[in-house]
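1. please find the sequence and the predicted model below.
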Amino acid sequence: MVVTWILTLSVILTLLAFPVASDWTSTPFNAPSYPLAVRTPYLSAWFPSPEGGVALNQAWPEFWTGATLGWAGFAKVDGVAYSFLGESSVTNFTKATQVSAEFTSTRSIFVLSAGPVDLTVTFLSPIEPEDLVKQSFPFSYLSVSASSGDGSSHNVSVYTDITGEWLATDHTAAINWTTTTGDVLTHQSQLKNQTEYTEGDGRILQGSMFYSTRNVDGATYQTGSSTVVRSYFISNGKLANTRDTNYRAIDNNWPVFAFARSLGQVTKDTPQYAVFSIGHVRDPVIKYIQNNGVTFEGRSYYFWSTYSTISGAITAFLSDYSEALSRAKALDEKLQTAASSISSDYADIVALSMRQTFGATELTISGSPGAWNTDDVLMFIKEISSDGNVNTVDIIMPAWPAFMYLNPKLGEYLLLPLLQYQATGQYPNKWAVHDLGAHYPIADGHDQGLDEKMPIEECGNMINMMLDYTQRTGDASLVKAYPIHLNQWAEYLVANTLFPANQLTTVDFDGPLPNQTNLAIKGIIGIQAMSVISRKYLDDAESADSYSSIAASYLKTWLNYGISSDDTHLVLEYGNQTSNVLAFNLAMDKLLGLNFIPDSVYSLQSTYYENHLAKYGFALDSRSTYTSSEWMIWTAMTTSTSIRDSFIKAIHNWVSSGKSKTPFTDRFDDATGSSSANKNRPVVGGNLALLIL
Ligand SMILES: *[C@@H]1O[C@H](CO)[C@@H](O)[C@H](O)[C@H]1NC(C)=O
Ligand SMILES: *[C@@H]1O[C@H](CO)[C@@H](O)[C@H](O)[C@H]1NC(C)=O
Ligand SMILES: *[C@@H]1O[C@H](CO)[C@@H](O)[C@H](O)[C@H]1NC(C)=O
Ligand SMILES: *[C@@H]1O[C@H](CO)[C@@H](O)[C@H](O)[C@H]1NC(C)=O
Ligand SMILES: *[C@@H]1O[C@H](CO)[C@@H](O)[C@H](O)[C@H]1NC(C)=O
Ligand SMILES: *[C@@H]1O[C@H](CO)[C@@H](O)[C@H](O)[C@H]1NC(C)=O
C-alpha cells in the first residue's frame, strides 16, 4: 500500500513538474551537474546528472574534472539501513528512493524516502558577497534532515564519510589523518607529500581536508577502511569512536573519515537534522609577485584576520548554520525575484551560475598571524577548465556582472592584483597584461611579456571595467591611482583598434583574425570610456575631448567597414560579406551607459539574430557553430526584448536538455547541443548581465 502510494505520488509530481527527469521531480529542471560543495577552485564537488537524471545514491559525486569523490551517506531507520548518497559496495542496506531534486543559487536539495522517513539532504555552498571573512571560508555545508512520512514516530540515525579521493586524483598517493574531539568533531586528512602552490590533475597538492560535525549527544566517529566503517554503521546505527592510525595510500583499503549522528525519535512535526561541514584549507593560498620580480608574497585566506585557528573557524562556521541558511535563502530569493522580472527561464539560468562563479575565486590578505593587513584585500580567480591562468582579464570581464550585481567592491579586489603588478613596471608590453600567471595559484606575472597576446581585448576590458566600477560605486580612487596605465592602454587602442591586426579575442578557441568588427568596437568603446574617465574623474578635459573626438571618428569608419554591404548585419571581419558575428562587445556601450552606438546598429543586429537563430542560439561567429551562454546574454543587453527572450529560451533549452553532465559549460554547439571541454568556468557570472543594466 505504502509503496503504491509513493509511486502514485511520484507519478503525479512528475506529471506536474517539467522537464521530466526519471521518476522524481526536478526543480526547476534536471541540472547537467548539481553543485554540492563548490567554494574554491579546489573545493569543487559536483553531482553529474545527464539525460534522464541520476539519483543521489546511484553514483558518486565528482570533482569538476570528473574524478570520483567518495562521499557516502546512510541512514538507519528503526533498525533498517538505507543509502542516500554515493554508491557504496558494502551490503545489507537498501537504497532510499529519490523523490525530488532541486537547485537554487546557493543550494542543491534532494529528498529521498527511506522507508517511512523522508530525508532532506541539503548541500549549501554559501555566497557571502558582503562579508569577506565568511566569503573566504573554504567550507561548505551538508545537512541531513529527517521527518516522518507516515505520521508515526521513528528512530533515525544518519551516517556520512569522505574518502582520501578529496585530496588527489592519484589514488596511490600516501595520506595521513587525525581526528580531534571537543565541541566539534573534526577529521583532518592530507597528502603526506605536501608541495606548495602545485597542482596535480586540477587538485592542489597542499593543505588539508576538514570534515566536521558538532559533538552533541549521539555524535560518534570512526576512521578506517570503507568496508569496515560503513558496515559498522549499517549494523549498529552508530560508530565505534575508534581511530585507524595505519596511514596509507588513498586506495589501500580505502580509509574513510566518518561520522554518525543519532537524530532520536523523528515525527512529522518535529523533523530532526544534523549538519556537517566540509572544507579544504591551505596556507599560504597564493604566491604573489613583488615589486622586484624576484621575491614573492604568500597570501592567506581573509578569514585568518578573525580566526587564529582552523578549528575556531570551523566551529564558527558550524554554529552559524541556521543564520547562513537564512542568508542563503534571502540571496536565492533576491536573485530569483530580480531575474524572474525578465523571465522564469532566466531565473533558472542565473541560479545555476552562482556557485560556479564564486567557486572559482579566493579572497586573500597579506601579513602573518597577529599582523594581518586587512586593508590589503586581493581576490583571485582561476580560469578553471580552459587553462589554469590566474586573474585572466578576459575571464573577469565576462564574469563581471555577477560581482557587480552582488558587491561591486569584489570587482575592485579582482582588478587590483593586475593593476598593482603592472604599476611595478615589470610587465614590458605597452598593452594590458592577459593574466597574472600561467597557472593558479602562482600569480608570478609575465616579466618576459610572454603572456597570451590579446592586446586590444585586454586594454578595452581594463578601461571598461574600471569605468564601470567607478560609475557604480562613485569610488574614483581606483582610476585615480592608475591614470598612467589607463592612458597607456587608451593610447594603444587609439593606435591599433580601428584596423586590428591578426589578434586573438576572448573567444581564442577560434584563433586570431585581422580586422575583427567585434574586437574593434570593444577598443573604440574603450576610447570613449577613457574620455569619460578623463573628464569625470581625472579632471583632464583636454584628454577627454581628444579621446571622444577620436572615438567618434573611429565609430564612423567602423560603421563603414563593419556593416555588410547589403546593410543587413555586422560582419565578423571587415569586407567579408559571408561572415557574421554575435556582436557582444556592443554591450559595453549599454553597460557603461555611454549611448555611443547608434540605435540603428542594435536594430539591424536584432533582426539578423531573429532571422538566423539556431536551435540553441546564435553562434559566436561564422567560423564555427559554437556559442556560449554568457555572450548571448551580454548580447541580449543590446537586442530587442523578443530576441533577448529567444536567447534565454535557447540557453534554457540547452542547459535543461540533458546533453551535458558537467558543471555549466559555456561553449556548446548551437544546433546539436554538443559541448566542448569548457566547463565550470566562472564566466557564467556573465549570465547576470541583464540584472546590472
Ligand atoms: C547482513 O545482515 C545479516 C543479518 O543481520 C548478518 O547476518 C550479516 O552478517 C550481515 N552482513 C554484513 C556484511 O554485515
Ligand atoms: C601527516 O603528513 C604531514 C605532511 O607530511 C605531516 O606534517 C604530519 O605531521 C603528518 N601527520 C601525521 C599524524 O602523521
Ligand atoms: C612529492 O610531490 C612532488 C610534486 O608532485 C614530486 O615532484 C615529488 O617527487 C614527490 N616527492 C615524493 C618523496 O614523493
Ligand atoms: C535507536 O537506534 C539506535 C541506533 O540504531 C539504537 O542504538 C537505539 O537503541 C534505538 N533507540 C530506540 C529507542 O529504539
Ligand atoms: C584591414 O582592413 C583594411 C581596410 O580594408 C585593410 O587596408 C588592411 O590591410 C586590413 N588589415 C589586415 C591585417 O588585413
Ligand atoms: C569569410 O568568412 C567565412 C565565415 O567566417 C569564412 O569561411 C571565409 O573563409 C571568409 N572569407 C575570406 C575571404 O576570408
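-> Now that the structure is in, tell me what you want to look at. Ligands and ions are numbered 1, 2, ... in the order given.

2. going forward, measure contacts between C-alpha atoms and count neighbours the same way
-> Fine.

3. pick out the residue of the stretch 351-500 of the chain closest to ligand 4.
-> The stretch 351-500 of the chain approaches ligand 4 most closely through residue 355 (35.7 Å), counting by C-alpha to the nearest ligand atom.

4. my bad, the chain
-> residue 237 (3.7 Å).

5. that residue against residue 78, yeah?
-> No - Residue 237 is beyond contact range of residue 78, at 9.4 Å (criterion: C-alpha atoms under 8 Å).

6. quick check: residues of this protein near ligand 6?
-> Residues of the chain lying close to ligand 6 by C-alpha under 6 Å from any ligand atom are 576, 578-579, 622-623.

7. switch the cut-off to 5 Å
-> 576, 579, 622-623 (C-alpha under 5 Å from any ligand atom).

8. now do the contacts for whichever residue of the stretch 151-300 of the chain sits closest to ligand 5.
-> At 34.9 Å from ligand 5, residue 293 is the closest residue in the stretch 151-300 of the chain, using C-alpha to the nearest ligand atom. Counting by C-alpha atoms under 8 Å, 6 or more residues apart in numbering, residue 293 touches 426, 444, 447.

9. the last one: what's its closest spatial neighbour, skipping adjacent residues?
-> Closest residue to residue 447 in three dimensions, ignoring its sequence neighbours and counting by C-alpha to C-alpha, 6 or more residues apart in numbering: residue 427, at 4.9 Å.

10. and the helix or strand hosting residue 519, how far from the chain's centre?
-> Assigned by DSSP states H and E, residue 519 belongs to helix 517-532. Per C-alpha atoms, centre = their mean, to the nearest Å, the displacement of helix 517-532 from the mean C-alpha position of its chain is 28 Å.

11. can you check stretch 404-414 too?
-> Centre-to-centre, stretch 404-414 and its host chain are 15 Å apart (C-alpha atoms, centre = their mean).

12. can you list the residues that contact it?
-> 129-130, 377-381, 391, 396, 400, 403, 469, 472-473, 478, 688, 691-692.

13. could you turn the buried ones of those residues into a PyMOL selection?
-> Typed into PyMOL, the line below selects the buried ones among the contacts of stretch 404-414, using 16 or more other C-alpha atoms under 10 Å:
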select buried, resi 129+377+378+379+380+381+391+396+400+403+469+478+688+691+692
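
14. just the ones of the contacts of stretch 404-414 in strands?
-> Taking DSSP state E as the definition of strands, those contribute 377-381.

15. turn those into TSV, including pLDDT.
-> Below are those laid out as TSV (pLDDT from 0 to 100):
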residue	pLDDT
377	98
378	98
379	98
380	98
381	98
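
16. neighbour-wise, which of residue 237 and residue 78 wins?
-> Neighbours per residue (other C-alpha atoms under 10 Å) separate residue 237 from residue 78, with residue 237 holding more: 25 against 16.

17. so what does that one have for phi and psi?
-> phi 70, psi 10 (degrees, to the nearest 10).

18. can you pull the contacts of it?
-> Counting by C-alpha under 8 Å, 6+ apart, residue 237 has contacts 75-76, 79, 157-158, 260, 262.

19. tell me how far it lies from residue 655.
-> Shown here: residue 237 relative to residue 655, a distance of 40 Å by C-alpha to C-alpha, to the nearest Å.

20. so residue 558: helix, strand or coil?
-> Three-state assignment for residue 558 (DSSP: H, G, I helix; E, B strand; the rest coil): helix.

21. just give me how far the host helix or strand of residue 456 sits from the chain centre.
-> Secondary structure from DSSP H and E places residue 456 in helix 455-473. In terms of C-alpha atoms, centre = their mean, the centre of helix 455-473 is set 22 Å apart from its chain centre.

22. give me the angle between it and helix 517-532.
-> 50 degrees (axes from the mean of the first three to the mean of the last three C-alpha atoms, to 10 degrees).

23. other SSEs contacting helix 455-473?
-> Secondary-structure packing of helix 455-473 (3 or more C-alpha pairs under 8 Å, 6 or more residues apart in numbering; DSSP states H and E): helix 393-406, helix 409-423, helix 477-481, helix 483-496, helix 517-532, helix 587-592.

24. could you check the shortest one and say which residues are buried?
-> Neighbour-count burial for helix 477-481, counted by 16+ other C-alpha under 10 Å, picks out 478-479.

25. need the mean per-residue confidence for it.
-> Helix 477-481 carries an average pLDDT of 98.

26. and that helix, how far from the chain's centre?
-> 28 Å.

27. can you name the residues that contact the residue in the stretch 551-693 of the chain that ligand 1 sits nearest to?
-> The stretch 551-693 of the chain approaches ligand 1 most closely through residue 661 (33.3 Å), counting by C-alpha to the nearest ligand atom. If you count contacts by C-alpha under 8 Å, 6+ apart, residue 661 has them with 32-33, 48-51.

28. once you drop chain neighbours, what's closest to residue 516?
-> residue 573 (4.4 Å).

29. oh, I was asking about residue 426
-> residue 447 (5.4 Å).

30. show residues contacting stretch 434-449.
-> With C-alpha under 8 Å, 6+ apart as the contact definition, stretch 434-449 has outside contacts at 197-198, 285-289, 293, 296, 382, 387-394, 417-418, 421, 426-429, 433, 451-455, 458.

31. chain center to that stretch: distance?
-> Between the centre of stretch 434-449 and the centre of its chain there are 21 Å (C-alpha atoms, centre = their mean).

32. going forward can the numbers begin at 520, since that is how I track them
-> Renumbered: residue one is now 520, and that last one reads stretch 953-968.

33. distance between the ends of that stretch?
-> Stretch 953-968: ends 10 Å apart by C-alpha to C-alpha.

34. next: stretch 1140-1159.
-> End-to-end distance for stretch 1140-1159: 20 Å, by C-alpha to C-alpha.

35. okay, buried residues for it please.
-> Within stretch 1140-1159, the residues scored as buried using 16+ other C-alpha under 10 Å are 1140, 1144-1159.

36. pLDDT (mean, whole number) over that stretch?
-> The model assigns stretch 1140-1159 a mean pLDDT of 97.

37. same check, this time on stretch 1184-1191
-> The predicted model gives stretch 1184-1191 an average pLDDT of 94.

38. quote the end-to-end distance of it.
-> So stretch 1184-1191: terminal residues 14 Å apart, C-alpha to C-alpha.

39. ok, now stretch 1175-1182?
-> Taking C-alpha to C-alpha as the criterion, the two ends of stretch 1175-1182 lie 12 Å apart.

40. what is the distance between that stretch and the centre of its chain?
-> 16 Å.

41. how about stretch 673-680?
-> 31 Å.

42. assign a three-state SS to the nearest residue in space to residue 948 that is not next to it in sequence, would you?
-> Distance criterion C-alpha to C-alpha, 6+ apart; nearest residue to residue 948, sequence neighbours excluded, is residue 968 at 6.0 Å. The assignment at residue 968 comes out as coil when based on three-state DSSP.

43. count the residues that sit near residue 968.
-> For residue 968, the count of nearby residues is 15 (other C-alpha under 10 Å).

44. what does residue 630 give?
-> Residue 630: 25 surrounding residues under other C-alpha under 10 Å.

45. that one against residue 618, yeah?
-> Yes - with contacts counted by C-alpha under 8 Å, residue 630 reaches residue 618, the gap being 5.4 Å.

46. re the thing from before, distance of the residue of the stretch 870-1019 of the chain closest to ligand 4 from residue 691?
-> Residue 874 sits 31 Å away from residue 691, going by C-alpha to C-alpha.

47. more crowded one of these two?
-> residue 874 (29 against 12).

48. about what we covered before: from the buried residues of stretch 1140-1159, which ones fall inside helices?
-> Among the buried residues of stretch 1140-1159, the members falling in helices (DSSP state H) are 1148-1155.

49. and of these, the nearest to residue 833?
-> residue 1149 (34.9 Å; C-alpha to C-alpha).

50. and residue 665, that's in a strand?
-> Yes - remark: residue 665 belongs to a strand, assigned using three-state DSSP.

51. just send the contacts of residue 812 back as a markdown table, with pLDDT and neighbour count too.
-> Shown next, in a markdown table, are these (pLDDT from 0 to 100; neighbours: other C-alpha atoms under 10 Å):
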| residue | pLDDT | neighbour count |
| --- | --- | --- |
| 945 | 97 | 17 |
| 963 | 98 | 24 |
| 966 | 98 | 15 |
